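K.L.:
pasting the sequence and the predicted model now:
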Amino acid sequence: MSKLNWREVPRAGIIFEGGNAQKYQTGDWRSERPIWDSNKCIHCLRCWVMCPDSSIKVADGKMTGIDLDHCKGCGICAKECPVKVQAITMKPESEIE
Amino acid sequence: MAKRVNVTGNEAIALGMKQVNPDVVAAYPITPQTDIVQYFSSFVADGKVTTEFVTVESEHSAMSATVGAAAAGARAMTATSSQGLALMFEIVYIASSYRLPIVMPVVNRALSGPINIHCDHSDTMACRDSGWIQLYSENAQEAYDNLLQAFRIAEHPDILLPVMVCQDGFIISHALETIEVQDDKVVKDFVGEYKAPVTILDPDNPVSVGPLALQDYYFEIKRQQAEAMAKAKQVILHVADEYAKLTGRKYGLFESYKMEDAEAAIVVINSTAGTAKVVVDKLRAQGKKVGLIKIRVFRPFPMEEIAAALTGLKTVAILDRAESFSSAGGPLFTDVRSALYESRCKPLMVNYIYGLGGRDIGLEEIEQVYADLEKIQNTGQVEQLISYLGVRE
């Protein structure tokens, strides 16, 4: 994408669009990736409540996966997943093929 | 009909604020600005204005609240001095980079330490690179006039920059003076209604103000600020013309006093110009060709205009009521001297640092400066480039 010159940039860098944070993919900041096991998941949605980046994908009241384009790998979801369930575990990105 | 009133510099500012009736004022009292906030809060309490007055816990919060209100589309103001300006410094830069047309009266007072409450210009000079337009006022009349013009300058669609309206602490802020004030309606019509170009409170047109801009966009946004500042000079002159038609009081980027055939001149800011004019008159009566330049607009700096006004003079003394500790002269000196670099007929120039921490400056000191200039003209030699006027040697 070619960058705007100073005459083209909106004054003071004001952004005339809502919800644009979605376009900024923060997934590549991640050093650890949450791995979700759908067989273990009880769909309590604690991870969905706690995720600071709204990266837990949910449909019809059930967890469907993790938005890896925006997940920064903080590990809160894995921590909050009930001890007896442990449906989410963190794995270093370097070990992912 | 305009009427004449006997007021202090602070009352003159508060009176102007009352006439403008801004949407939001968020301010914290600090000597010697306190009266402005005090008078204005009584106008709020008495229902003379409809302003939302926000009593904040510090100047950092005062400027933050003012920035928030201005971003929401309000005509927002605050006022401060010295340590207060220093405390809001972080947000001072944010106001200008968000391009919010905030008008802020500043009553000039020395920065600590040693702790001091009296006049010098170290507070606003510390903000000379903050991206704010700076207007300086010799007296209460000019403070009032500059305040009213500041709204038109700040809110002009080509500018959208905040403006500081400066006056000397105690010397002007607390001294009574008879000034002319315009009718409320005349002021209202002149200042006009403020329509913010964008507001963060419009859900149909959502905007993000103050985004992160790193290596890729920060520079472009700073370039825009520089462009607006460069354009401000013409707008300031245009607004001054309109104001002159209304009031008969004419303003420029600076005032030239008895400069037509002057060979020696003093360049100075704020109230000391009044003292120096008396000396100019006295020396003129003795047949000496002396004059005075009083800077009204320090940011943007009127580089070409100053160069034109001083080219061809024999000697010039620049008086700084602030020490920059550069060891290369005060802030006004370096700017004026730099403006003359391309001039083919440069005057010999010297710098005096004076009046720090409210040290009084009298007619005798100013006379001494003109006497020094006469000596420099006669010998063609500058023996001392930077001097301290009024310090005990």
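P.N.:
Right, received. Where do you want to start?
K.L.:
B:Glu180: neighbour count?
P.N.:
Using other C-beta atoms under 10 Å in any protein chain shown, B:Glu180 has 14 neighbouring residues. Yep, even glycine has a C-beta here, placed from its N, CA and C like the rest.
K.L.:
again, but for B:Gln215
P.N.:
Considering only other C-beta under 10 Å, B:Gln215 is surrounded by 6 other residues.
K.L.:
check the one 4 residues further on too.
P.N.:
Applying other C-beta under 10 Å, we find 13 other residues in the vicinity of B:Phe219.
K.L.:
tell me the SS of B:Tyr144?
P.N.:
helix (DSSP: H, G, I helix; E, B strand; the rest coil).
K.L.:
I'd say it and B:Glu11 touch.
P.N.:
No: counting by C-beta atoms under 8 Å, B:Tyr144 stays clear of B:Glu11, with 9.3 Å between them.
K.L.:
residues of chain B that sit close to chain A?
P.N.:
B:97-99, B:160, B:197-198, B:205-211, B:213, B:216-217, B:219-221, B:223-224, B:227 (C-beta under 8 Å from any C-beta of the partner chain).
K.L.:
returning to that earlier point: which of B:Tyr144 and B:Glu11 has more neighbours?
P.N.:
B:Tyr144 (30 against 22).
K.L.:
any idea which helix or strand carries the residue lying closest to that one once chain neighbours are set aside?
P.N.:
The shortest distance from B:Tyr144 to any residue other than its chain neighbours is 4.2 Å, reached at B:Ala12 (C-beta to C-beta, 6 or more residues apart in numbering or on different chains). If you go by DSSP states H and E, B:Ala12 is part of helix B:9-20.
K.L.:
restrict that helix to CA atoms and write it as CSV.
P.N.:
Output of helix B:9-20 as CSV, limited to C-alpha atoms (Å, rounded to 0.1, in the frame of the first residue of the first chain):
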residue,chain,number,x,y,z
GLY,B,9,-4.7,42.8,33.1
ASN,B,10,-6.3,39.8,34.7
GLU,B,11,-9.7,41.5,34.8
ALA,B,12,-9.4,42.5,31.2
ILE,B,13,-8.8,38.8,30.3
ALA,B,14,-11.7,37.6,32.5
LEU,B,15,-14.0,40.3,30.9
GLY,B,16,-13.1,39.2,27.4
MET,B,17,-13.7,35.6,28.4
LYS,B,18,-17.1,36.6,29.7
GLN,B,19,-18.0,38.3,26.5
VAL,B,20,-16.9,35.3,24.4
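K.L.:
elements contacting it?
P.N.:
helix B:34-45, strand B:103-108, helix B:140-155, strand B:163-168, strand B:177-181, helix B:184-191 (3 or more C-beta pairs under 8 Å, 6 or more residues apart in numbering or on different chains; DSSP states H and E).
K.L.:
run the last query once more with 7 Å
P.N.:
helix B:34-45, helix B:140-155, helix B:184-191 (3 or more C-beta pairs under 7 Å, 6 or more residues apart in numbering or on different chains; DSSP states H and E).
K.L.:
next secondary structure after the shortest one?
P.N.:
Yep, that's helix B:184-191 we're talking about. helix B:218-247.
K.L.:
over to the first one?
P.N.:
Toward the C-terminal end, the helix or strand that comes next after helix B:34-45 (DSSP H and E) is strand B:52-55.
K.L.:
in chain A, what residue spans correspond to helices?
P.N.:
In chain A, the helices defined using DSSP state H lie at A:46-50, A:76-80.
K.L.:
distance of B:Thr78 from A:Ser54?
P.N.:
For B:Thr78, the distance to A:Ser54 (C-beta to C-beta, to the nearest Å) stands at 37 Å.
K.L.:
can you give me the pLDDT of A:Ser55?
P.N.:
You'll see A:Ser55 listed with a pLDDT of 96.
K.L.:
still on that earlier bit, ok, the residue nearest to B:Tyr144 - contacts?
P.N.:
B:Ala140, B:Ala143, B:Tyr144, B:Ile179 (C-beta atoms under 7 Å, 6 or more residues apart in numbering or on different chains).
K.L.:
try B:Ile221
P.N.:
A:Val9, A:Ala12, A:Gly13, B:Ser97, B:Ala213.
K.L.:
isn't the third one up against B:Leu212?
P.N.:
Right, A:Gly13. No: in this structure, A:Gly13 is not within contact of B:Leu212 by C-beta atoms under 7 Å, at 8.8 Å.
K.L.:
neighbour count winner among those two?
P.N.:
In terms of neighbours (other C-beta under 10 Å), A:Gly13 is the more surrounded of A:Gly13 and B:Leu212; the figures are 20 against 9.
K.L.:
how about B:Met104: which residues does it bridge to?
P.N.:
B:Met164 (DSSP bridges).
K.L.:
surely it meets B:Ala154?
P.N.:
No: counting by C-beta under 7 Å, B:Met104 sits too far from B:Ala154 to count as a contact (9.7 Å).
K.L.:
next, show the common contact partners of the two.
P.N.:
With C-beta under 7 Å, 6+ apart, B:Met104 and B:Ala154 have common neighbours B:Pro162.
K.L.:
look up phi and psi at B:Leu292.
P.N.:
The phi/psi pair for B:Leu292 (degrees, to the nearest 10) reads phi -150, psi 140.
K.L.:
so who does it touch?
P.N.:
With C-beta under 7 Å, 6+ apart, B:Leu292 has these contacts: B:Tyr257, B:Lys258, B:Ala265, B:Ile266, B:Val268, B:Ala273, B:Ala276, B:Lys277, B:Val280.
K.L.:
mind checking which of the residues you listed land in strands?
P.N.:
B:Tyr257, B:Ala265, B:Ile266, B:Val268 (DSSP state E).
K.L.:
if we can go back for a sec, now distance to A:Gly19, mean pLDDT and mean neighbour count too, for the helices of chain A, in TSV please.
P.N.:
Below are the helices of chain A laid out as TSV (distance: least, C-beta to C-beta, whole Å; pLDDT from 0 to 100; neighbours: other C-beta atoms under 10 Å in any protein chain shown):
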stretch	distance to A:Gly19	mean pLDDT	mean neighbour count
helix A:46-50	19	97	17
helix A:76-80	22	97	18
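K.L.:
quick one, which of the ones you listed gets closest to chain B.
P.N.:
Across those, chain B has its closest neighbour in helix A:76-80 (23.0 Å, C-beta to the nearest C-beta).
K.L.:
for that closest one, C-alpha coordinates in PDB please.
P.N.:
What follows is helix A:76-80, C-alpha atoms only, in PDB (Å, rounded to 0.1, in the frame of the first residue of the first chain):
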ATOM      1  CA  ILE A  76      -4.900 -15.500  29.700                       C
ATOM      2  CA  CYS A  77      -7.300 -18.000  28.000                       C
ATOM      3  CA  ALA A  78      -5.100 -21.000  28.900                       C
ATOM      4  CA  LYS A  79      -4.800 -19.700  32.500                       C
ATOM      5  CA  GLU A  80      -8.600 -19.100  32.800                       C
END
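K.L.:
can you map out the strands along chain A?
P.N.:
A:32-36, A:56-59, A:62-66, A:88-92.
K.L.:
can you tell me which of those is most buried?
P.N.:
Each of these was scored by mean neighbour count; the highest is strand A:32-36, a mean of 19, by mean count of other C-beta atoms under 10 Å in any protein chain shown.
K.L.:
gap between that strand and the chain center?
P.N.:
Chain-centre distance of strand A:32-36: 10 Å, with C-alpha atoms, centre = their mean, to the nearest Å.
K.L.:
do stretch B:183-196 as well
P.N.:
That offset, for stretch B:183-196, works out to 22 Å (C-alpha atoms, centre = their mean).
K.L.:
now do the end-to-end distance for that stretch.
P.N.:
The first and final residues of stretch B:183-196 sit 25 Å from each other (C-alpha to C-alpha, to the nearest Å).
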